[in-house]
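> Give me coordinates for this.
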Amino acid sequence: MEYNGSPTERAIPAGELDRRHVGQSVSFQPNDFTVVFGTIAGIARTEALVYLSLDGVGGGTHLKEEYDLSIDHKVYLQLDPLGSAEKGLSEAASFVKEKLDEITRNIREREQGKPGQ
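Numbers count the residues shown, from 1 in each chain. The predicted structure is shown next:
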């Protein structure tokens with residue numbers, strides 16, 4: 001399996017991770033058979049390795065919460081968490097507006113169709 005992230009993610013070497021990335025969603029392929037998705041809980045680094053502690057992946061029979069990655073190992077982060085949230089809220093607002101417009105239209109049509117008006 002060859003994991004290359006999603007269109008909403010950007011690749012960086014694990015060695016570039018620092019405290020700014022704690023709390024962000026991350027995905028990576030630690031071996032040929034597994035792709036991991038989680039939230040960075042902590043980062044430790046040596047000259048050759050990056051140690052990631054993750055929230056949201058432990059507890060299963062094949063899932064662990066800590067991974068050792070080489071500093072040049074690709075990890076994938078969300079492009080812009082605030083931008084993604086803003087886009088989601090904007091899409092939700094558009095959906096609500098469409099529904100309200102539809103309800104308003106239905107009420108007007110019903111009122112116009114009443115006898116005696």
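> From here on, just use CA atoms for contacts and neighbour counts.
Noted.
> domain assignment for this protein?
The chain breaks down into these domains under automatic domain parsing: 9-78, 80-117.
> of all the ones you listed, which lies closest to M1?
When the domains of the chain are compared by C-alpha to C-alpha, domain 9-78 sits nearest M1, at 5.9 Å.
> what's the span of the closest one from first residue to last?
4 Å (C-alpha to C-alpha, to the nearest Å).
> Mind listing the strands the strand of greatest length in the chain pairs with, and their directions?
Scanning the chain for the longest strand, with DSSP state E as the assignment, gives strand 34-45. Paired strands of strand 34-45, with direction, are strand 25-31 (antiparallel), strand 49-55 (antiparallel) (DSSP bridges).
> Now tabulate these in TSV and tack on mean neighbour count.
What follows is these, written out as TSV (neighbours: other C-alpha atoms under 10 Å):
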stretch	mean neighbour count
strand 25-31	19
strand 49-55	20
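> Tabulate those strands (JSON lines), appending mean pLDDT and distance to S6.
Output for those, formatted as JSON lines (pLDDT from 0 to 100; distance: least, C-alpha to C-alpha, whole Å):
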{"stretch": "strand 25-31", "mean pLDDT": "92", "distance to S6": "9"}
{"stretch": "strand 49-55", "mean pLDDT": "93", "distance to S6": "19"}
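> So which of those strands is nearest R110?
Of the strands paired with strand 34-45, the one closest to R110 (C-alpha to C-alpha) turns out to be strand 25-31, at 48.2 Å.
> gap between the helix or strand where E109 lies and the chain center?
Using DSSP states H and E, E109 maps to helix 81-112. Distance of helix 81-112 from its chain centroid, counting by C-alpha atoms, centre = their mean, to the nearest Å, is 24 Å.
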